[in-house]
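In: just a sequence and a predicted model for now, questions to come.
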Amino acid sequence: MSSDDVLLGLGLVLVLAVGAQLVARLTRLPAIVVLLPAGFLAGAATDVVHPDRLLGALYQPFVSIAVGVILFEAGLRLSFGAVAPGARRLVVRLVTVGVLVTWLAVAAAAELLIGGLDTRVALLIGAILVVSGPTVVLPLLAFVRPQREVRSLLTWEGVLVDPIGALLGVFVFHAAVTGSAWRPGEMAASVAVGLIVAAAGVVVLRFLLGEAQRKAPRQAIPVTLATVVAALVAADLVREDAGFVATTAMGMALANQRSIDVSLMLEFQQTLVQLLVGALFVLIAASVTPADVEAVLPEALALVAVMALLIRPAAVAVSTWRSPLSLRERGFVAWMAPRGIVAGASASAFGLQLEQRGLAGADAILPVVFVAIFATVVLYGLTAVPMARRLGVAGAEGTVALVVGGHRWALAVADALRRAGAGVRIWTGDADEQAAARAAGFEADRGRMMVDAVSREAELDEVSDALLLTRSDDFNALAAEELRIELGHAHVQRLAPDPDAPALVPPQHETGLLPSYDEMSERFADGCEVVAETTRAGTIRLSFVEPDGTRHAIGMTPRRQRVRTTAA
């Protein structure tokens, strides 16, 4: 390829990686549902995005580094405190017993359904399709919003099964190439190497991040990236694919310590990780030709059906036997097993090498896995929400309003929203206000607004709108800026600062502030009422109605009730 072709190919990959995710967000589809067809069509229409031609020998190292960084960021979200002890045992069983059942069953099904497969190739397909992964599980869970216990279990399984499945694929591949029996001790050695490197990496990263946190917070991202990549490369040089274990373990270790502010590293998810995920899916999809897919499509779809309807339910049933999970919760866990980036990367790496060695059916590995990735994501992406509702494990829908402040008229606002059908949470640090809110039937807590971004993200789970009604103008201003990053500007409202008291200067983009705390208190004392009603557009309109009929309205969520209440 000429330098112009390479330039065009790299530019097209980046444009598709970002553009497909923007389209997915606008159309409320899982990103992978748009990314895979975009890459597939680009690969069919042009040769410049084919990874072997575009990147050559750089392709597999790039995939390894990108997946390692993705797994590190996913590990940052695995807090032990968010998982009940019983769920921890279930996670272990899902990534051990469940993986073993899935591997052997998928291998057997592949050999039966796809003609001409060497048994070693079937075992490798089974190993590759063991993995699920955070790149597909976490976005789907964020889209579905199941109950917290189920969400935590699936999150841990999705993150941990990636390095385990990658190692399993490596050892099955080497056994297929050498013809020797696979020895489980080798996999244990790779896990041990990964954990040792992770421990060293965590020590180094904590020191460097501690210095960055004190002296140069903006250096946290490059410091983290350099350390994570160094740990990945070091582990991989000792034992192949031990780097995935190292980076995942590093993320988990940092997520469960308190001396370093992990929120300094969350820019990974917002920028680097999203870009890497998009680029990887585009490149992997571009490496599959329409003729490859057509040759295996019926058999691959039959394999997906067996995986979804028989193998995954069986693996979950065995792994959750005599567990505290209800039958409905087990049913939803059994209906959530999309395949992701590690499966595609492994198939891309192993398929060509086995094909060159002449193993029967090796040319089917990548197209079969490609169909499995796309079909499972579409299947679960389109059915997970109705399945969660049918099983009764879906989280709160529509509006969940966060009211920050627990004084008398703040509770009146919360009551109007609740009676209109919105979910309501209250954050207040005053013990008496917490007690009054709980006595009124609200979920009330101090909240962790200013602790760290990870804790805030967890506590904002399902929250769609926020009202900042505290007595502190400065707190309201700072909290509004933080919450707008999570919820969007249109979904965060705060009280205006007292015009006669020193306060932070409001941002230029901030408009539509509520009256100040003192003014609102006076209005409620004079008989102001709170009205929650539904507009023709289907959104909740929260209005503060004064005795003379003057209104200050806030548009919120879709509901179909009209409620009036007062602060008295």
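Out: Sure thing, it's come through. Not measured: the values here are computed from a predicted model. Residues are numbered from 1 along each chain as shown.

In: mind listing the strands for the chain?
Out: Counting by DSSP state E, the chain has strands at residues 400-404, 423-427, 443-445, 465-468, 492-494, 529-534, 540-545, 551-555, 563-566.

In: so which of those gets nearest residue 19?
Out: If you check each of the strands of the chain against residue 19 by CB to CB, strand 492-494 wins as the nearest, at 28.2 Å. Every residue, glycine included, has its C-beta placed from N, CA and C.

In: okay, now the sheet partners of the closest one, with direction.
Out: Strand pairing for strand 492-494, using DSSP bridges, gives strand 465-468 (parallel).

In: hmm, who's touching the strand it pairs with?
Out: Residues outside strand 465-468 that contact it (CB atoms under 8 Å, 6 or more residues apart in numbering): 399-405, 410, 413, 475-476, 479-480, 483, 487, 491-495, 554, 556-557.

In: just for the stretch 451-568 of the chain, where's the confidence low?
Out: Where the stretch 451-568 of the chain drops to pLDDT under 70, the residues are 451-462, 501-512, 534-539, 554-568.

In: and if we set it to 90?
Out: Along the stretch 451-568 of the chain, segments meeting pLDDT under 90 span 451-468, 470-568.

In: what segments of it are helices?
Out: For the stretch 451-568 of the chain, applying DSSP state H, counting those that start in this stretch gives helices covering 453-459, 473-487, 517-525.

In: just to revisit the earlier point, next, format the strands of the chain as a markdown table and append mean neighbour count and distance to residue 104.
Out: Below are the strands of the chain laid out as a markdown table (neighbours: other CB atoms under 10 Å; distance: least, CB to CB, whole Å):
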| stretch | mean neighbour count | distance to residue 104 |
| --- | --- | --- |
| strand 400-404 | 24 | 43 |
| strand 423-427 | 23 | 44 |
| strand 443-445 | 17 | 45 |
| strand 465-468 | 25 | 48 |
| strand 492-494 | 23 | 51 |
| strand 529-534 | 20 | 54 |
| strand 540-545 | 21 | 52 |
| strand 551-555 | 15 | 54 |
| strand 563-566 | 16 | 57 |
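
In: identify whichever of those lies nearest to residue 32.
Out: strand 400-404 (26.6 Å).

In: which secondary structure elements does that closest one contact?
Out: helix 408-419, strand 423-427, strand 465-468, helix 473-487 (3 or more CB pairs under 8 Å, 6 or more residues apart in numbering; DSSP states H and E).

In: let's see that with 7 Å instead.
Out: helix 408-419, strand 423-427, strand 465-468 (3 or more CB pairs under 7 Å, 6 or more residues apart in numbering; DSSP states H and E).

In: just give me how far the shortest one sits from the chain centre.
Out: The chain centroid and the centroid of strand 465-468 are separated by 24 Å under CA atoms, centre = their mean, to the nearest Å.

In: go on, the second one?
Out: Taking the mean of its C-alpha atoms, strand 423-427 sits 24 Å from the chain's own mean (CA atoms, centre = their mean).

In: and it, what's its mean pLDDT?
Out: On average, the pLDDT along strand 423-427 is 85.

In: and that strand, which strands flank it?
Out: Short version: by DSSP bridges, strand 423-427 pairs with strand 400-404 (parallel), strand 443-445 (parallel).

In: confidence-wise, which of those is weakest overall?
Out: Among the strands paired with strand 423-427, strand 443-445 carries the lowest mean pLDDT (a mean of 82).

In: right, and the helices of the stretch 451-568 of the chain - which one's nearest residue 364?
Out: Taking those one by one with CB to CB, helix 453-459 is closest: 41.2 Å.

In: and the residue nearest to residue 125 when sequence neighbours are not counted, how far is that from residue 368?
Out: The shortest distance from residue 125 to any non-neighbouring residue, by CB to CB, 6 or more residues apart in numbering, is to residue 110 (4.7 Å). Distance, residue 110 to residue 368, by CB to CB, to the nearest Å: 7 Å.

In: mind listing the shared neighbours of those two?
Out: Here residue 110 and residue 368 share the contacting residues 125, 303, scored by CB atoms under 7 Å, 6 or more residues apart in numbering.

In: low-confidence bits of the stretch 1-150 of the chain, can you list those?
Out: The low-confidence ranges in the stretch 1-150 of the chain, as defined by pLDDT under 90, are 1-6, 20-37, 39-40, 43-92, 95, 114-121, 128, 131-150.

In: would you map the helices across it?
Out: Applying DSSP H, counting those that start in this stretch to the stretch 1-150 of the chain gives helices spanning 3-27, 31-45, 51-54, 59-75, 85-94, 97-113, 119-128, 134-144, 148-178.

In: the last one vs helix 134-144, what angle?
Out: Orientation of helix 148-178 against helix 134-144 (axes from the mean of the first three to the mean of the last three CA atoms, to 10 degrees) gives an angle of 160 degrees.
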